[in-house]
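Sequence unavailable; structure follows:
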């Protein structure tokens, strides 16, 4: 009976260590590196990340079915208005049909740059794992920060952070 008392904790520790080692946080690996470039074409527009070089980009992945995405949209719109041409908010819709996408934009009055990526190529390129998920890219095209889940984009801390970039 005694060997099992020793063996079970050792096995549990090994399993936990293995699980921690498997999670290399792909979404965090990009911080401090060049932002992966992408081009997404939907029925309305073509968006290429490299076109926004020289500006701070707030790259937001969202879905029309996502309640936290809906909750943060007003503050993203306010952020774009408040900071004007110093930043570009780029919303990339995923896991959403074309009809759902257009209905969402209309219903919520979205007035910042958005594009529908039905193939999720840009989402996968950034190692996103859910939505909303937002990447901050500086003027030189470097990934500076990631936000997972909804944020208040008009909070003094976030605005100050973006102004300092």
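All right, it came through fine. Quantities reported herein were computed from a predicted structural model and do not represent experimental measurements. Numbering: from 1, shown residues only.

any idea how far the residue nearest to residue 139 when sequence neighbours are not counted lies from residue 88?
Spatial nearest neighbour of residue 139, chain neighbours left out: residue 54 (5.5 Å); criterion: CB to CB, 6 or more residues apart in numbering. Bear in mind the C-beta positions are built from the backbone N, C-alpha and C, glycine included. Remark: distance between residue 54 and residue 88 (CB to CB, to the nearest Å) = 10 Å.

ok, now residue 52?
According to CB to CB, residue 52 stands 5 Å off from residue 88.

Could you do residue 162 as well?
Using CB to CB, one obtains 11 Å as the distance from residue 162 to residue 88.

what sits in contact with each of these two?
Common contacts of residue 162 and residue 88, defined by CB atoms under 8 Å, 6 or more residues apart in numbering, comprise 56, 58.

From residue 84, how far out is residue 102?
In terms of CB to CB, residue 102 sits 26 Å off from residue 84.

who has more neighbours, the two?
residue 102 (17 against 7; other CB atoms under 10 Å).

quick one: the more buried one is in a helix?
Yes: assigned with DSSP: H, G, I helix; E, B strand; the rest coil, residue 102 falls within a helix.
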